[in-house]
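> mind folding the following:
(one chain, ligands or ions: 1)
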Amino acid sequence: MTPSQFRTVVGSPAVRSTVAGIFAAIAISSVVARGQDSPTPPSPPVAELALLNGKILTLDRERPQAEALAIRGDRIAAVGTNDAIREHVGESTRVIDLQGRLAIPGFIEGHGHFIALGRMKLDVDLSACKSWDEVIARVAEAAADKKRYPRGRWIVGRGWHQAKWTAPPQPNVEGYPTHAKLSQATPANPVLLVHGTGHMTMVNAKAMQLAGISNNTRDPKGGRVLRDKDGLPTGALRENAVSVVDRAFDREQARRTKAERDEERRKAIRLASDECLRLGVTSFQDAGSSLGEIETFRELAGTAGLPIRLWVMTNDGDGAIAANLSRYRIRRHADAHLTVGGIKRMLDGALGTHGAWLLAPYDDLPQSVGHNVTSVESLRASAKLALRLEWQLCVHAIGDRANREVLDVFASAMRNRLPASDDNQRDLRWRIEHAQHLHDDDVPRFAELGVIASMQACHATSDGPFVVARLGHRRAQRGAYVWQTLLKHRAMVINGTDAPVEPLNPIDCFYASVTRRMPDGGTFFPEQCMTREQALISYTRDAAYAAFEDDIKGSLAEGKLADVVVLSEGIMTVADEKIRDARVDYTIVGGKILYERAENRDE
Ligand SMILES: [Zn+2]
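Coordinates of the predicted model:
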């Protein structure tokens, strides 16, 4: 399908329908038929939007399924049978006949990077490249556009991943490419290519020159400058080593005007919002934004510039947070379009780049147990701050060692909390982001401590092809992406994509959750698949819980926010291989239809 087949209908009038007139007539005649002598029950207020004849999975425990629902303002006015909901239909009501289609609560992306998702569309997208040569070709093509990239302007590319290429790059160091060919192709511009995981960057000679990276550059704490056999930097910078080149990049950015930078940020936010609406994502849990970015969110929240709902973790330092508290204190701003609710910290890197912090060395890199990128001591300080602010602490941990350390920090923070009781300890809803690889002993601790496992099903299937190489069969089977084991231990598992690390599409991720089928056709330890119901809950009701938003969203019930998605296929019942054919027909946020697929516009 081409992008032109879609349209986003922000701000379009929701009031139109001849069908509505018919239903209004039915509603009026039924009132008249009740007769004069018995007191007429007051008719319910007229809905602005009604969905009829559907299969509505509400995820509301009281009424899990319904045929219809009525919306007034930004809330659900009623959920029930077609007959009951017709009572709410008036002349001005827009009625959508679902014709048996499935409607569910809007998808809640549990962990993604909102601005980066939009930026990805402004920078050079390398995620589809199948080789290092193809990466170089794409970057060279961009560099040829001298209007966009005049001499000296940084070229940023994103999404390359050597494990997804058809063959290892030649030459390579530890499987990662070296800069020589890239530098030859792009002599006039500094180039910075962010790995698909975000945990490594490849740079060219010009970028190294500007960043001052030479043979003598030492490895920073928690990072590594990869070198060839002669000790020369290869251009691959792992984990914290990226910061040197980031500083050089920031220096160039600082030379641009504030207006230019703001404009670019707004553009990225708009692009990310469009992507969400097209894919049925009505809420997005942003895994790390700065105060400056949060200020832009605040300005735009609830407008056409940012029409979906954001729940944000800030990745600013403890000092900055403590010093600017009143500016970060944003809760349900602009009709619940923006909340800042958590502190984001990172304890280790990613498995794909050998950065995940393991209890025992990598099978395919025996000299390494990965990287601890933030000290455990400083994580303890952040835990104290989170307790003081009554914010959630959300810590990126991928390797089993990193997960254990985070659970230890969480446990001790909870113990020292006053007044200590079981209940208030549980209701912190602190989160481990990714929780990809766990030691057996640590699995039960998630439920015991009430820690939420914020996992991304699509990571399991896209990492799957190299996980066994990194961890060996036994470790991978026992501990990698063990959703079902966690659920059996009564932990809460929520879902998401880490977009733009993986594509944002929640239906593809739902498919990954229930099949664990990899792109090569293999299945990654299928015993850990979620059931369809578990997968849907992880993307809606439980995701809302994981942000203290379950009182207003994540299920469809009277009084909750009218965030609803209508799908073209019944993803809960069709054959596995049909799930990914499902398209989003409508995305409704706060009662407004903000996206409507072209095919169903003339109903
Ligand atoms: Zn992330």
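
> which single residue of the stretch 401-550 of the chain approaches the ion most closely?
Across the stretch 401-550 of the chain, no residue is closer to the ion than residue 498, which sits at 4.5 Å (CB to the ion). C-beta coordinates here come from the backbone N, C-alpha and C atoms, glycine included.

> what's the answer for the stretch 151-300 of the chain, then?
residue 287 (4.5 Å).

> and the helix or strand hosting that residue, what does it pack against?
Per DSSP states H and E, residue 287 falls inside strand 281-289. Applying 3 or more CB pairs under 8 Å, 6 or more residues apart in numbering; DSSP states H and E, one finds that strand 281-289 makes contact with strand 107-112, helix 114-122, helix 258-278, strand 309-314, helix 541-545, strand 584-589.

> can you do 7 Å?
strand 107-112, helix 114-122, strand 309-314 (3 or more CB pairs under 7 Å, 6 or more residues apart in numbering; DSSP states H and E).

> who touches the residue of the stretch 151-300 of the chain closest to the ion in this structure?
Contacts for residue 287 (CB atoms under 7 Å, 6 or more residues apart in numbering) come out as 111-113, 313, 344, 433.

> could you flag which of those residues are buried?
The neighbour-count criterion (16 or more other CB atoms under 10 Å) marks 111-113, 313, 344, 433 among the contacts of residue 287 as buried.

> from those residues, which is closest to residue 242?
When the buried ones among the contacts of residue 287 are compared for distance to residue 242 (CB to CB), residue 113 wins out at 15.2 Å.

> partners of the nearest residue to the closest one once chain neighbours are set aside in the sheet?
Closest residue to residue 113 apart from its sequence neighbours, by CB to CB, 6 or more residues apart in numbering: residue 287 at 5.9 Å. On the basis of DSSP bridges, residue 287 is bridged to residue 313.

> related to what we said a few turns ago, next, the angle strand 584-589 makes with the strand holding residue 287.
Counting by axes from the mean of the first three to the mean of the last three CA atoms, to 10 degrees, strand 281-289 points 70 degrees away from the direction of strand 584-589.

> re the thing from before, so which of the helices and strands packed on strand 281-289 is nearest the ion?
Nearest to the ion, of all these, is strand 107-112, at 5.7 Å by CB to the ion.

> ok, back up a step: so the residue of the stretch 401-550 of the chain closest to the ion makes contact with residue 111?
Yes - between residue 498 and residue 111 there is a contact at 5.7 Å, judged by CB atoms under 7 Å.

> what touches both of those two?
With CB under 7 Å, 6+ apart as the test, residue 498 and residue 111 both reach residue 456.

> circling back to that earlier point, please report how far the residue of the stretch 151-300 of the chain closest to the ion lies from residue 513.
19 Å (CB to CB, to the nearest Å).

> then residue 250?
For residue 250 relative to residue 513 (CB to CB), the value is 38 Å.

> more neighbours, those two?
residue 513 (29 against 10; other CB atoms under 10 Å).

> tell me what the helix or strand hosting the more buried one is packed against?
In the assignment (DSSP H and E), residue 513 maps to helix 506-515. Packing partners of helix 506-515 (3+ CB pairs under 7 Å, 6+ apart): helix 457-471, helix 532-538.

> let me have those in a markdown table, extended by mean pLDDT, distance to the ion and mean neighbour count.
A markdown table is the format used below for the helices and strands packed on helix 506-515 (pLDDT from 0 to 100; distance: least, CB to the ion, whole Å; neighbours: other CB atoms under 10 Å):
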| stretch | mean pLDDT | distance to the ion | mean neighbour count |
| --- | --- | --- | --- |
| helix 457-471 | 95 | 10 | 22 |
| helix 532-538 | 98 | 17 | 21 |
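
> can I get the ones you listed in a markdown table including distance to residue 180?
What follows is the helices and strands packed on helix 506-515, written out as a markdown table (distance: least, CB to CB, whole Å):
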| stretch | distance to residue 180 |
| --- | --- |
| helix 457-471 | 25 |
| helix 532-538 | 45 |
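
> looking at the ones you listed, which is closest to residue 448?
Short answer: helix 532-538, nearest of the helices and strands packed on helix 506-515 by CB to CB, at 19.9 Å.

> quick one: contacts of the closest one?
59, 104, 487, 493-495, 510, 513-514, 530, 572.

> could you report the neighbour count for the closest residue in space to residue 508 that isn't next to it in sequence?
Nearest non-adjacent residue to residue 508, counting by CB to CB, 6+ apart: residue 580, 6.0 Å away. For residue 580, the neighbour count with other CB under 10 Å is 17.

> same thing with the one 5 residues further on?
Neighbours of residue 585 under the rule other CB under 10 Å: 23.

> that older thread, the helices and strands packed on strand 281-289: lowest mean pLDDT?
Here those differ in mean pLDDT, and the lowest is helix 114-122 at a mean of 93.

> who in the stretch 151-300 of the chain is up against the ion?
With the criterion set to CB under 5 Å from the ion, the stretch 151-300 of the chain comes near the ion through residue 287.

> need the max-distance pair from the buried ones among the contacts of residue 287.
Largest pairwise distance in the buried ones among the contacts of residue 287, by CB to CB, is 12.1 Å, between 112 and 344.

> which regions of the stretch 401-550 of the chain lie under the pLDDT threshold?
418-426 (pLDDT under 70).

> just the helices from it, written as ranges.
For the stretch 401-550 of the chain, the helices defined by DSSP state H, counting those that start in this stretch occupy 422-426, 443-449, 457-471, 473-479, 483-488, 506-515, 532-538, 541-545.

> against residue 235, how distant is the most centrally placed residue in the chain?
Centroid check for the chain by CA atoms, centre = their mean gives residue 112 as the closest residue, at 2.6 Å. Distance, residue 112 to residue 235, by CB to CB: 28 Å.

> kindly report the same for residue 546.
For residue 546, the distance to residue 235 (CB to CB) stands at 38 Å.

> those two: which is more packed in?
Each of residue 546 and residue 235 has its neighbours counted (other CB under 10 Å); residue 546 has more, 30 against 27.

> what's the neighbour count on the closest residue to residue 408 other than its chain neighbours?
Spatial nearest neighbour of residue 408, excluding adjacent residues (CB to CB, 6+ apart): residue 376 at 8.0 Å. For residue 376, the count of nearby residues is 13 (other CB under 10 Å).

> quick one: residue 72 and residue 49 touch, right?
No - using CB under 7 Å, residue 72 is not in contact with residue 49, being 8.2 Å away.

> among these two, which residue is more densely surrounded?
In terms of neighbours (other CB under 10 Å), residue 49 is the more surrounded of residue 72 and residue 49; the figures are 26 against 19.

> bridging residues for the more buried one?
Residue 49 has these beta-bridge partners by DSSP bridges: residue 71, residue 94.

> swap in residue 480?
residue 437.

> gap between residue 577 and the ion?
The spacing between residue 577 and the ion, counted by CB to the ion, to the nearest Å, is 29 Å.

> how much space separates that residue from residue 46?
Taken as CB to CB, the span from residue 577 to residue 46 is 43 Å.

> between these two, which is the more surrounded one?
residue 46 (19 against 10).
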